[in-house]
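Visitor: Next comes the sequence, and after it the predicted model I'd like to discuss.
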Amino acid sequence: MENILNHISTAIKSITLKETALFVQMGFYIVGAIIATMTYRSAKKGLLNTVHTEYQKRIMDHLERLSEALYSEFDPNSENNFSYDSINGRKSLNEIIRRRMKAISLEVIIEGESYIYKPEESFPITTKLEEHLKGLKGDTESHPFLPAHIVENVVEYLEDRLKPLADARFKAINEICVYLNKRKLSAEDLRSELYHMEISNEFIKTIRRELKSKGYDNDQVLMKVKNIRLMIREHLESFNPFSKR
């Protein structure tokens, strides 16, 4: 046993100062490498957390804007308040029918004969409500920050909504022109402001009746919009750190 201890003692003594310094330096590099790796991982995690937080914030901001845009047609303070039960919506419809009546009266004068109803494609028109919904659909379906399931539901709602609007508008114009054909009114009568108002009121009544029959009158649409907004709210609640979910 004594021989073994002597051998170890002799070996230790034989280690030069240079070798000791080398061992210390290697240890320093190893510790430094460990610290650098841990620092990198911590910084990367912090950066990813920051990017993730910013990304989620962008999603929340765009979802809020989408919710407001969907509801804007019913909001009396919104520039997109074109619900057909609103003053702006009725003004838009009145403007459409007045433009149509003006076109009809000009055709009567130019042709010198009773007006014969032609398909709408000869006079393409779109209400401000339809323009708003089409713009919202185009923005939503290609939006990079909106969750896929919400985009799918919103685009489906807008597509289903736009067709009844166009169909109802076409039917209203058709009924009015058929009525005018039967009456064989003169161009002067067609241009009468009072007559325009009477025709416009019937135009609006026909549209609202058609939309209700297809499940898209004002109250029915408002309910559909509220359901989508509830879906958006549910998604936003998933970001709430204090949620019980």
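Guide: Received the coordinates, thanks.

Visitor: Which elements pack onto the helix or strand hosting residue 223?
Guide: For residue 223, the host element (DSSP states H and E) is helix 218-237. Using 3 or more Cβ pairs under 8 Å, 6 or more residues apart in numbering; DSSP states H and E as the contact test, the elements touching helix 218-237 are helix 17-71, helix 148-183. For glycine as for every other residue, the C-beta is placed from the backbone atoms N, C-alpha and C.

Visitor: Could you tell me the least trusted of those?
Guide: Mean pLDDT values for the helices and strands packed on helix 218-237 show the minimum at helix 17-71, a mean of 68.

Visitor: thinking again about what came up before, for the helix holding residue 223, which positions count as buried?
Guide: Residues 218, 221, 224-225, 228-229, 231-232, 235 are the ones in helix 218-237 that count as buried (16 or more other Cβ atoms under 10 Å).

Visitor: Tell me which residues are up against that helix.
Guide: Residues outside helix 218-237 that contact it (Cβ atoms under 8 Å, 6 or more residues apart in numbering): 60, 63-64, 66-67, 70-71, 74, 83-85, 147, 150, 153-154, 157, 161, 208, 212, 243, 245.

Visitor: May I see the buried residues of helix 218-237 arranged in CSV, with distance to residue 192 and pLDDT as well?
Guide: Compiled in CSV, the buried residues of helix 218-237 are given as follows (distance: Cβ to Cβ, whole Å; pLDDT from 0 to 100):
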residue, distance to residue 192, pLDDT
218, 30, 88
221, 34, 93
224, 39, 93
225, 38, 94
228, 43, 95
229, 44, 94
231, 49, 93
232, 48, 92
235, 53, 86
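
Visitor: ok, so of the residues you listed, who is nearest residue 30?
Guide: Nearest to residue 30 among those: residue 235, at 48.3 Å, using Cβ to Cβ.

Visitor: Find the nearest non-adjacent residue to residue 151, please.
Guide: Leaving aside its chain neighbours, residue 151 sits nearest to residue 140 (5.8 Å; criterion: Cβ to Cβ, 6 or more residues apart in numbering).

Visitor: which residues sit in contact with that neighbour?
Guide: Neighbouring residues of residue 140 by Cβ under 8 Å, 6+ apart: 66, 146, 151, 154-155, 158.

Visitor: and of these, the nearest to residue 127?
Guide: Comparing the contacts of residue 140 against residue 127 with Cβ to Cβ places residue 158 closest, at 14.7 Å.

Visitor: wait, what's in contact with that closest one?
Guide: Residues in contact with residue 158 (Cβ under 8 Å, 6+ apart) are 133-134, 136-137, 140.

Visitor: Recalculate using a threshold of 7 Å.
Guide: Contacts for residue 158 (Cβ atoms under 7 Å, 6 or more residues apart in numbering) come out as 133, 136-137.

Visitor: Quick check: residue 204 touching residue 93?
Guide: Yes - at 5.3 Å, residue 204 counts as touching residue 93 under the criterion of Cβ atoms under 7 Å.

Visitor: more crowded one of these two?
Guide: Per other Cβ atoms under 10 Å, whichever of residue 204 and residue 93 has more neighbours is residue 93, with 23 against 19.

Visitor: how near is residue 189 to residue 204?
Guide: Here residue 189 is placed at a distance of 20 Å from residue 204 (Cβ to Cβ, to the nearest Å).

Visitor: same deal with residue 161?
Guide: Taking Cβ to Cβ, one finds residue 161 at 18 Å from residue 204.
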